[in-house]
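Participant: Pasting a predicted model and its sequence here:
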Amino acid sequence: MTQNTIQKETHFYTIGISYKKADADMRGLFSLDTEHQESILAEAQAGKMEGLAIISTCNRTELYGFAEHPFQLIQKLCAHSKATLEDFEKVGYIYKNKEAVNHLFNVGTGLDSQILGDFEVISQLKKSFSLAKQYHLINAFLERLLNSVIQASKRIKNETELSSGATSVSFASVQYILQNVTDISNKKILLFGTGKIGRNTCENLIKHTNNEHITLINRTKEKAQEIAGKFNVLVKDYALLESELAQTDVLVVATGSKTPTITEEILPKDRKILILDLSIPKNVADSVQRMDKVTLIHMDHLSQITDDTLERRKAFIPQAQQIIEEIKEEFDQWLQNRRFAPTIQALKHSLEELKNGEIDFQRKKIPDFNEQQAEIISDRIIQKITTRFINHLKESASPEESLSLMKQVFEL
């Protein structure tokens, strides 16, 4: 599915890494914050790339763009992250043209999510395409593709039960806490950091635990207070982190640091504590696992929870795939019509030249020649001819051959 609407010899690629082959540490190396994403987009804009969008979540980092060779995209990813080309060779993947389109549909509809049916990724895709648009890197192809993926996501959400029950790591976190902590409503819970998954976990904790002892700490207190305004939680100063940890039963870490924010030194040695690290890269030091009274759970473990809800979701995969196929067919039809457009325009231009030449000839030859009527009749004939060609191309088993013949006959 080579795109004739883009520069010659370029193709549409998806390159990236995900939870399927890359563990949390490796995903941390490939992680791109907004600043690094913007650097890549600015570089792509300066290099006059036809189109590029980037997504970087806890479970995946992917680039969707046009290039002569996928290495051009892989190089950008590795140059702006902590990963190397060797790392990409070990855990990366490349999809081209049709496969790249299929992959984006699977990602956007939750079929490729670590927890099947997780629809949070569609809002992340919207955000990443919106950022790319600011750098004029979303062309008509990418715009139409994203809209088609959004449409598929909405239909799957409304017409199937693929998203029933737990829909995210944040919900799985709460399920884990409920199943492993007794008398949770009376335990002291501390949320450290204001990352999105952490905020969602906080909301789910309030909904499902009836706990009135939830404390929130963030380096920037204003952000913490903003979230506290939405939920019934207590905000404490960052300086009080260590003293708060001394009385905490459950710690949820959702900081966005590149290095560990929770270490052995600041944790109590004599208190039983459950820690959930929902950060990418990991924000709880590995050495914490050696502490006798600490249970450390990372989001990778949470996503492996295969309860009855997730098993039940699998039954709706064929229905979801059918919806995707229907919308993909519409997208392919749009793409095909778009591919015909330059030739049809050239045909119309050629017929217009024939018309103008003939009208000019008849004007000189026929006395009282009615040029206005001739224009109307000629234009209608041109319209009918081009419509016939469009319909033929749509129905043709080999449109490329038909296009080639048209170009030869009309010298387009």
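Facilitator: Happy to help now that I have it. Worth saying up front: this structure is predicted, and the values here are computed from it rather than measured.

Participant: For the top helix by length along the chain, the averaged confidence score.
Facilitator: The single longest helix within the chain, with elements called by DSSP state H, is helix 317-365. For helix 317-365, the mean per-residue pLDDT is 88.

Participant: what's the following helix or strand after that helix?
Facilitator: Following helix 317-365 in sequence order, the next helix or strand is helix 371-395 (DSSP states H and E).

Participant: C-terminal to that next one, which secondary structure element comes first?
Facilitator: In N-to-C order, the element after helix 371-395 by DSSP H and E is helix 399-409.

Participant: which helices and strands does the longest helix of the chain pack with?
Facilitator: helix 98-108, helix 140-159, helix 371-395, helix 399-409 (3 or more Cβ pairs under 8 Å, 6 or more residues apart in numbering; DSSP states H and E). In short, each C-beta sits where N, CA and C put it, glycine included.

Participant: Could you dump those into JSON lines and include distance to Gln179 and mean neighbour count?
Facilitator: Formatted as JSON lines, the helices and strands packed on helix 317-365 follow (distance: least, Cβ to Cβ, whole Å; neighbours: other Cβ atoms under 10 Å):
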{"stretch": "helix 98-108", "distance to Gln179": "29", "mean neighbour count": "20"}
{"stretch": "helix 140-159", "distance to Gln179": "27", "mean neighbour count": "19"}
{"stretch": "helix 371-395", "distance to Gln179": "56", "mean neighbour count": "13"}
{"stretch": "helix 399-409", "distance to Gln179": "57", "mean neighbour count": "13"}
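
Participant: quick one on the thing from earlier: let me know the angle separating the longest helix of the chain from helix 399-409.
Facilitator: 10 degrees (axes from the mean of the first three to the mean of the last three Cα atoms, to 10 degrees).

Participant: Pull the distance from helix 317-365 to the chain's centre.
Facilitator: Centre-to-centre, helix 317-365 and its host chain are 31 Å apart (Cα atoms, centre = their mean, to the nearest Å).

Participant: Can you classify Lys127 by secondary structure?
Facilitator: helix (DSSP: H, G, I helix; E, B strand; the rest coil).

Participant: returning to that earlier point: what angle sits between the longest helix of the chain and helix 140-159?
Facilitator: Using the same axes, to 10 degrees, helix 317-365 lies at 140 degrees relative to helix 140-159.

Participant: Helix or strand: which one has the closest residue to Asn106 other than its chain neighbours?
Facilitator: Of all residues not flanking Asn106 in the chain, Asp112 sits nearest, at 4.2 Å (Cβ to Cβ, 6 or more residues apart in numbering). Following DSSP H and E, there is no helix or strand that holds Asp112.

Participant: Give me the pLDDT value at the residue positioned nearest the centre of the chain.
Facilitator: By Cα atoms, centre = their mean, the chain has its centre lying nearest to Leu125, at 3.3 Å. Note for Leu125: predicted pLDDT of 95.

Participant: Same question for Gln3.
Facilitator: 46.

Participant: Kindly report the same for the one 10 residues further on.
Facilitator: According to the model's per-residue confidence, Tyr13 sits at a pLDDT of 97.

Participant: between the helices and strands packed on helix 317-365, which gets nearest to Arg313?
Facilitator: Arg313 sits nearest to helix 140-159 of all the helices and strands packed on helix 317-365, at 11.1 Å, using Cβ to Cβ.

Participant: returning to that earlier point: quick one: which of the helices and strands packed on helix 317-365 is nearest Asn218?
Facilitator: Nearest to Asn218 among the helices and strands packed on helix 317-365 is helix 98-108; the distance by Cβ to Cβ comes to 29.8 Å.

Participant: Could you list the residues in contact with the closest one?
Facilitator: Residues from elsewhere that reach helix 98-108 (Cβ atoms under 8 Å, 6 or more residues apart in numbering): 1, 12-14, 55, 60, 62, 64, 95, 111-113, 121-122, 125, 145-146, 148-150, 152-153, 324, 327-328, 331.

Participant: Ala22 is in what secondary structure piece?
Facilitator: Assigned by DSSP H and E, Ala22 belongs to no helix or strand.

Participant: Could you do the one 3 residues further on as well?
Facilitator: With elements taken from DSSP H and E, the one containing Asp25 is helix 24-30.

Participant: So which bits of that helix are buried?
Facilitator: Across helix 24-30, burial judged by 16 or more other Cβ atoms under 10 Å covers 24, 26-30.

Participant: Stretch 10-21 too?
Facilitator: 10-19.

Participant: do stretch 39-46 as well
Facilitator: Neighbour-count burial for stretch 39-46 [16+ other Cβ under 10 Å]: 40-41, 44.

Participant: So Thr61 belongs to a strand, correct?
Facilitator: Yes: going by three-state DSSP, the assignment for Thr61 places it inside a strand.

Participant: Could you double-check that Phe331 sits in contact with Arg144?
Facilitator: Yes: applying Cβ atoms under 8 Å as the test, Phe331 and Arg144 come out as touching, 6.6 Å apart.

Participant: just the buried residues of stretch 39-46 now: which is nearest Glu226?
Facilitator: Leu41 (27.5 Å).
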